[in-house]
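Asker: need coordinates for the following:
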Amino acid sequence: MNMRNTTERYGSVSITLHWLMLLVFVAVYACIELRELFPKGSDPREALKTWHFMLGLSIFVLVWLRLLVNITSPSPAIVPNPVKWQMRLAKLMHLALYVLMICMPLLGWLLLSASGKSIPFFGLELPALVGKNKALAELIKEIHETGGLVGYYLIGLHASAALFHHYFVRDNTLRRMLPGQD
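Answerer: Got it, this is the predicted structure:
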């Protein structure tokens, strides 16, 4: 398999980044949901929150690599070619996902900053982006939580569209991103 994208299929770098980011997304959401199983202030709850922060910031790092690869590589064609409205909707969906992958980690970083908390990142402590501000922290928290909910829907729609194209339209939309499909 090529490392780089071709006009027929995504390369191994794009495929790896795509599926790695899915796994990190699952872990991010799992950490924040599973924390509810533990009492406030408990070590497991705090550990899950810390992992949520670090994995969320990992998405922020990985999304820039994905964008670099996408900008410097061709996009494989969908065969047969979808109608224009589907292509526009797909571009809008991908734009929304990229906004999610960039904005949500930044909002989390801002939330921790405005809350006066440390920003952990795998042994590093990142600098605060803003000073401590309780009102700002509460606003950012609401936006971040709403964004997280929107993320569930965007990811679900993205996966549903890929499966729809694979099983009903029977085009190569999903196969282009599956590993080992040469």
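
Asker: for the rest of this, base every contact and every neighbour count on C-alpha atoms.
Answerer: Will do.

Asker: low-confidence stretches in the chain?
Answerer: By pLDDT under 70, the low-scoring segments of the chain are 1, 181-182.

Asker: let me see the ranges of the strands in it.
Answerer: Assigned by DSSP state E, the chain shows strands spanning 119-121, 124-126.

Asker: let me have those in CSV, adding distance to Val83 as columns.
Answerer: Below are those laid out as CSV (distance: least, C-alpha to C-alpha, whole Å):
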stretch, distance to Val83
strand 119-121, 43
strand 124-126, 45
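
Asker: identify, out of those strands, the most deeply packed stretch.
Answerer: Across the strands of the chain, averaging neighbours per residue (mean count of other C-alpha atoms under 10 Å) puts strand 119-121 on top, at a mean of 18.

Asker: who are the packing partners of it?
Answerer: Judged by 3 or more C-alpha pairs under 8 Å, 6 or more residues apart in numbering; DSSP states H and E, the packing partners of strand 119-121 are helix 43-72, helix 84-114, strand 124-126.

Asker: can you list the strands that that strand pairs with?
Answerer: Within its sheet, and counting by DSSP bridges, strand 119-121 is paired with strand 124-126 (antiparallel).

Asker: what sits up against the partner strand?
Answerer: Contact partners of strand 124-126, identified using C-alpha atoms under 8 Å, 6 or more residues apart in numbering, comprise Ser118, Ile119, Pro120.

Asker: tell me what the second one is bridged to.
Answerer: Put plainly, it is Ile119. Beta bridges link Ile119 to Leu126 when assigned by DSSP bridges.

Asker: right, so of the helices and strands packed on strand 119-121, which gets closest to Arg170?
Answerer: With C-alpha to C-alpha as the criterion, Arg170 lies closest to helix 84-114 of the helices and strands packed on strand 119-121, at 14.5 Å.

Asker: much appreciated, bye for now.
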